[in-house]
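**Student:** Quick one, structure for this:
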Amino acid sequence: MIADGNKPPPRTNPPPLPRFFRRLLKLLIRAAVLLMLLFVLDRLWPSISQQAQSFVIAKWQQLSLLQQDLPTENSLPSPLPQQNLSDTWGAARSQGRTHEGIDIFAARGTPIQATTAGIVSKIGENTLGGRVVVIVGPGGAGHYYAHLEEYADIAPNDWVDAGDIIGYVGDSGNAKGTPPHVHYGIYIQGNAVNPYPLLQKSEPTR
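**Tutor:** Here you go, the predicted model:
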């Protein structure tokens, strides 16, 4: 038996302050990280929201277009109204190719009009077509405009109506040095079809 005077001192708990400060520090770090994320999100959200909205609307419009009928004979206005149309479909081209569209000639810089309502699916360049615009129209048909001098004020996923200006006549791509013209093609389920019978014919200007 231990005498009262020889009893060990009672155990005392460590001061609670260090643990409290550790928790407070962790909380402050988490709050700072959260505030930084909120700040970044606040800066990016308008852009992300606008892009997402544009994408969703374009997909909805595209689904609507797929339910519509494909173009039929003499149903489409010419991309260059009042210009002479010639059926150059199937003509021989370099490297054993055949012409998958028709060429419509006009003065350089002449506005090119969309032949149909639809969604702009591509604006860009390739070796053969130079500056090109592709619009997905009713029935999912792709309307291909090539050899542009310049683009109009349009962007991918934009909606256009028939008659809207999408670009200007030029000779870009492998047409360089030839008389300015637009190459117009139509693709249905990935296969080229002759656009000439589908276009409305009009008398050329004199």
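
**Student:** ok now the helix or strand bottoming out on mean pLDDT in the chain, how far from the chain's centre?
**Tutor:** Between all helices and strands in the chain, the lowest mean by mean pLDDT, DSSP states H and E belongs to helix 17-66, at a mean of 75. On the basis of Cα atoms, centre = their mean, to the nearest Å, helix 17-66 sits 24 Å off its chain's mean C-alpha point.

**Student:** now for that helix, which elements pack on it?
**Tutor:** Helix 17-66 sits against strand 118-126, with contacts defined as 3 or more Cβ pairs under 8 Å, 6 or more residues apart in numbering; DSSP states H and E. Every residue, glycine included, has its C-beta placed from N, CA and C.

**Student:** Now do whatever helix or strand comes next after the strand it packs on: which elements does it pack against?
**Tutor:** Remark: after strand 118-126, the chain's next helix or strand is strand 130-136, criterion DSSP states H and E. Packing contacts for strand 130-136, counted by 3+ Cβ pairs under 8 Å, 6+ apart, involve strand 118-126, strand 142-151, strand 165-169.

**Student:** So what touches strand 130-136?
**Tutor:** For strand 130-136, the external contacting residues (Cβ atoms under 8 Å, 6 or more residues apart in numbering) are 62, 65, 114, 116, 118-126, 142-151, 154, 160, 166-167, 170-176.

**Student:** tell me the angle of it relative to strand 165-169?
**Tutor:** 150 degrees (axes from the mean of the first three to the mean of the last three Cα atoms, to 10 degrees).

**Student:** Mind listing the strands strand 130-136 pairs with, and their directions?
**Tutor:** If you go by DSSP bridges, strand 130-136 pairs up with strand 118-126 (antiparallel), strand 142-151 (antiparallel).

**Student:** List the buried residues in the last one.
**Tutor:** Buried residues in strand 142-151, counted by 16 or more other Cβ atoms under 10 Å: 142, 143, 144, 145, 146, 147, 148, 149, 151.

**Student:** How about the first one?
**Tutor:** Judged by neighbour count (16+ other Cβ under 10 Å), strand 118-126 contains these buried residues: 118, 119, 120, 121, 123.

**Student:** TSV please, covering the residues you listed and showing distance to residue 92 and pLDDT.
**Tutor:** Formatted as TSV, those follow (distance: Cβ to Cβ, whole Å; pLDDT from 0 to 100):
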residue	distance to residue 92	pLDDT
118	31	94
119	33	92
120	31	94
121	29	92
123	29	97
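
**Student:** quick check, nearest of those to residue 55?
**Tutor:** Closest approach between the buried residues of strand 118-126 and residue 55, by Cβ to Cβ: residue 119, at 11.1 Å.

**Student:** Is the nearest residue to the closest one once chain neighbours are set aside bridged to anything, and to what?
**Tutor:** Excluding the flanking residues, the one nearest residue 119 by Cβ to Cβ, 6 or more residues apart in numbering is residue 136, at 5.1 Å. For residue 136, the beta-bridge partners are residue 119, residue 142 (DSSP bridges).
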